[in-house]
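Trainee: Sequence and predicted model, in that order:
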Amino acid sequence: MKKSARRGLTAICMLGGIFSLPFVMFSPMMFDSPGSENNIYLHLLFGSVLLFPLMSFCGAFFPWLLRRWEWSAWFFLLPFFGTGFVIFSATLLQVKCNGNFACVS
């Protein structure tokens, strides 16, 4: 992989991690409504929101740490797995609880 492509993908991963930090900061407020602490789908969404910046930053740094190996560029896909996990858990909450955070599952 060319160095310019690697730099561009690193910048995208870093920006994704930085822009997701406000969502992480406000994600504990999902548990404000009474009964929401018992909702397993909300816990899944909370965990996925917390993992997304971590996966983005890992997707930015691991390809540079392991750049000697050809397969290291696959780490750039980590933010996409994080995005998929957030979308999956939000969809699951929407389908199972109609988007209600206080749904008892």
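Mentor: On my side now, so go ahead.

Trainee: In the chain, where's the longest helix?
Mentor: Using DSSP state H to define each element, the chain has its longest helix at helix 40-65.

Trainee: could you give the mean pLDDT of the helix or strand following it?
Mentor: Downstream of helix 40-65, the next assigned helix or strand under DSSP states H and E is helix 78-97. Computed over helix 78-97, the mean pLDDT rounds to 93.

Trainee: Need the CA coordinates for helix 78-97. PDB is fine.
Mentor: In PDB, the C-alpha atoms belonging to helix 78-97 read as follows (Å, rounded to 0.1, in the frame of the first residue of the first chain):
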ATOM      1  CA  LEU A  78     -11.800  -1.600  12.200                       C
ATOM      2  CA  PRO A  79     -13.800   1.700  12.200                       C
ATOM      3  CA  PHE A  80     -16.300   0.100   9.800                       C
ATOM      4  CA  PHE A  81     -16.800  -2.800  12.100                       C
ATOM      5  CA  GLY A  82     -17.400  -0.300  14.900                       C
ATOM      6  CA  THR A  83     -19.900   1.600  12.800                       C
ATOM      7  CA  GLY A  84     -21.700  -1.700  11.900                       C
ATOM      8  CA  PHE A  85     -21.900  -2.600  15.600                       C
ATOM      9  CA  VAL A  86     -23.400   0.800  16.500                       C
ATOM     10  CA  ILE A  87     -25.900   0.500  13.700                       C
ATOM     11  CA  PHE A  88     -26.800  -3.100  14.600                       C
ATOM     12  CA  SER A  89     -27.400  -2.300  18.300                       C
ATOM     13  CA  ALA A  90     -29.400   0.900  17.500                       C
ATOM     14  CA  THR A  91     -31.500  -1.100  15.100                       C
ATOM     15  CA  LEU A  92     -32.000  -3.900  17.600                       C
ATOM     16  CA  LEU A  93     -33.100  -1.400  20.200                       C
ATOM     17  CA  GLN A  94     -35.500   0.200  17.700                       C
ATOM     18  CA  VAL A  95     -37.000  -3.200  16.600                       C
ATOM     19  CA  LYS A  96     -37.300  -4.800  20.000                       C
ATOM     20  CA  CYS A  97     -38.300  -1.800  22.100                       C
END
